[in-house]
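J.: Here is a sequence with its predicted model. Questions after.
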Amino acid sequence: VNPPTTCDFISHIIMLLPQTASTRTRHETFEMSRYLAELSVCDPFFVEQDKSSVALATILNVLEDDISSADLPRHGRQDFLNYVTKNFGWFTENVSHVNNCRDRLRHLKWEQEERPSTNTADKRSSSPTSILS
């Protein structure tokens, strides 16, 4: 039996988005969060992090950075965050871990997007702590 993965947590947490979030917005949030989760595999920092914290960090980053306010208005985002804050004790105990994950994920995403490359094989993300850089 394998423990839940980050993507398992993402799929469950996405269901907590307010009902005002369209199916398309939920799908985009899931896909972009999954992409960030895949990037996290490239960084040893995430080995020690709880998968639930990484999952929440990916979703919060996507909602803040990639989903427009037309697709999910501010009050919908606030309702989601309030629900998570009030109903999940692990969040309040791990808020600093979630924020550290958010910062690291943003760096990984930025690094991936800013890396100039014409070769598909070179489009991998590298760890900010990599000795191969």
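T.: Yep, it's here. Numbering: from 1, shown residues only.

J.: Now the residue positioned nearest the centre of the chain: phi and psi?
T.: With distances taken as Cα atoms, centre = their mean, T58 lies nearest the centre of the chain, 0.7 Å away. Dihedral pair for T58: phi -60, psi -40, per degrees, to the nearest 10.

J.: ok, now N94?
T.: phi -120, psi 20.

J.: what's the closest non-adjacent residue to it?
T.: In space, and not counting its chain neighbours, N94 is closest to S53: 5.3 Å by Cβ to Cβ, 6 or more residues apart in numbering. Yep, even glycine has a C-beta here, placed from its N, CA and C like the rest.

J.: and that neighbour, how many neighbours?
T.: By other Cβ atoms under 10 Å, 23 other residues sit near S53.

J.: Then C7?
T.: Neighbours of C7 using other Cβ under 10 Å come to 17.

J.: what comes up buried for the helix or strand of the chain with the lowest mean pLDDT?
T.: When each helix and strand of the chain is scored by mean pLDDT, DSSP states H and E, helix 89-93 comes last, with a mean of 79. By 16 or more other Cβ atoms under 10 Å, the buried positions in helix 89-93 come out as F91.

J.: what helices or strands is the helix or strand just after that helix leaning on?
T.: With elements assigned by DSSP states H and E, the helix or strand that comes after helix 89-93 is helix 95-114. Using 3 or more Cβ pairs under 8 Å, 6 or more residues apart in numbering; DSSP states H and E as the contact test, the elements touching helix 95-114 are helix 23-40, helix 51-65.
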